[in-house]
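# Build me a model:
(one chain, ligands or ions: 2)
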Amino acid sequence: MEKVATALTIAGTDPSGGAGIQADLKTFQEVQSYGMSVITSVVAQNTTGVQAIHHVPLEMIEQQLDAVISDIPILAFKTGMIANIDMMKVIAEKIPQIRAPYVMDPVMVATSGDALIEAKARDFLRERLLPFTSLVTPNIPEAEFLTGEKIDSTDDMKRATVVLVERFGAGAALVKGGHMEGEATDFLYDGSSLHSFSSERIDTKNTHGTGCTYSAAITAYLSQGLNLYEAVKAGKHFVTAAIADSFTLGSGHGPTNHWAIRKEKVKQ
Ligand SMILES: Nc1ncnc2c1ncn2[C@@H]1O[C@H](COP(=O)(O)OP(=O)(O)OP(=O)(O)O)[C@@H](O)[C@H]1O
Ligand SMILES: Cc1ncc(COP(=O)(O)O)c(N)n1
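Ligands and ions are numbered 1, 2, ... in the order given. Here you go, the predicted model:
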């Protein structure tokens, strides 16, 4: 029987479909991995911002994790929004049972500027969850928080990747340059080599969910057996196509187009 590439996301929701669990599952589907999800928080949000957050009870997060882990092999997984320390503790307890690559998108603030995790939970994320990761994918503000160092240049970005791995125990670190100027360049440090991934900067305000989409694509490619470098390269290609073909939907930051890559395949 053909082996199925299974990918799990543990994250919050976005009813407007651009970020969170919805973006992750759409991305898994496009990359052709079998998508599964554990919901941490139900978030009322859209392209303009976050209106309300309801946290799923801890026992229910645990039961969702048990339901998947006890029944289906997981070939790669990611975490996104984990709002507080109690949720992080539940997830940290279960992670050792999932013997698969772990991609952490250290979600802290939405594109709209709304906080998605409690301030005091950020340290816990770094201290208790980061050491389990195969890869952490911070944007610039998240990398600044995690390292405690200001990032103003590409040299600072490169240094942050090394600090995240060498000092804080991440398996590898991808610091994303979406918040810099000029080319959209991301740096990956895997514990021995430093790589960069670049694309032209696309002139758009439709960037809602780019971080979720990127980390989900990397997770899906890892579930299919690509190595870390190949998975990030393919993920960067996926997210760039999704931004280039993004939708002007809603009155705020529109979503990326998760099926852009499909159109590309048709064109080839
Ligand atoms: N305008 C753009 N043009 C091309 N690539 C971009 C653009 N903005 C972001 N990217 C790329 O998208 C990916 C996500 O990066 P970014 O730094 O925006 O993450 P993020 O802040 O977590 O995303 P989000 O906007 O969802 O919070 C990276 O590969 C980054 O280089
Ligand atoms: C549930 C959830 N998780 C993550 C994000 C971050 O996505 P973005 O920064 O692109 O808005 C979000 N808005 N909602």
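
# what does stretch 188-197 contact?
Residues outside stretch 188-197 that contact it (C-beta atoms under 8 Å, 6 or more residues apart in numbering): 158, 161-162, 164-165, 171-174, 185-187, 228-229, 232-233, 236. Bear in mind the C-beta positions are built from the backbone N, C-alpha and C, glycine included.

# Stretch 243-253 near ligand 1 at all?
Yes - Stretch 243-253 is in contact with ligand 1 by C-beta under 6 Å from any ligand atom, via residue 243.

# which residues sit against that stretch?
Here stretch 243-253 makes contact (C-beta under 8 Å, 6+ apart) with 16, 18, 46-49, 111-112, 202, 204-208, 210, 254-257, 260, 263.

# taking the contacts of stretch 188-197 one by one, which sit in strands?
In strands, judged by DSSP state E, the following of the contacts of stretch 188-197 are found: 173-174, 185-187.

# Which member of those is positioned nearest residue 22?
Ranked by distance to residue 22 (C-beta to C-beta), the ones in strands among the contacts of stretch 188-197 are led by residue 174 at 22.3 Å.

# On the strand side of things, show who that closest one bridges to.
residue 188 (DSSP bridges).

# What's the first helix or strand after the helix or strand harbouring residue 124?
Assigned by DSSP states H and E, residue 124 falls within helix 121-124. With elements assigned by DSSP H and E, the helix or strand that comes after helix 121-124 is strand 135-136.

# can you tell me if the helix or strand following that following strand touches ligand 1.
With elements assigned by DSSP H and E, the helix or strand that comes after strand 135-136 is helix 140-147. No - using C-beta under 6 Å from any ligand atom, helix 140-147 stays clear of ligand 1, with a minimum separation of 6.6 Å.

# okay, the angle between helix 140-147 and strand 184-189?
20 degrees (axes from the mean of the first three to the mean of the last three C-alpha atoms, to 10 degrees).

# For residue 114, grab the count of nearby residues.
Residue neighbour count, defined by other C-beta atoms under 10 Å, stands at 14 for residue 114.

# ok so, going back, also near ligand 1: which of the contacts of stretch 243-253, exactly?
With C-beta under 6 Å from any ligand atom as the criterion, these include 111, 202, 204, 207, 210 near ligand 1.

# OK, contacts around the third one?
Read that as residue 204. Taking C-beta under 8 Å, 6+ apart as the test, what residue 204 contacts is 243, 246, 254.

# how close does it sit to residue 240?
Distance of residue 204 to residue 240, given as C-beta to C-beta, to the nearest Å: 12 Å.

# just the last one next, same as before
Using C-beta to C-beta, one gets 10 Å for the distance from residue 210 to residue 240.

# Among the two, which residue is more densely surrounded?
In terms of neighbours (other C-beta under 10 Å), residue 210 is the more surrounded of residue 210 and residue 240; the figures are 25 against 21.

# Quick check, that one in contact with residue 242.
Yes - using C-beta atoms under 8 Å, residue 210 is in contact with residue 242, at 7.5 Å.

# Mind listing the shared neighbours of the two?
residue 256.

# Show me the shaky parts of the protein.
The chain contains residues with pLDDT under 70 at 1, 265-268.

# rewinding a little: need the contacts of residue 204 in JSON lines with distance to residue 26, neighbour count and secondary structure, can you?
Converted to JSON lines, the contacts of residue 204 look like this (distance: C-beta to C-beta, whole Å; neighbours: other C-beta atoms under 10 Å; DSSP: H, G, I helix; E, B strand; the rest coil):
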{"residue": "243", "distance to residue 26": "14", "neighbour count": "23", "secondary structure": "helix"}
{"residue": "246", "distance to residue 26": "13", "neighbour count": "24", "secondary structure": "coil"}
{"residue": "254", "distance to residue 26": "15", "neighbour count": "20", "secondary structure": "coil"}
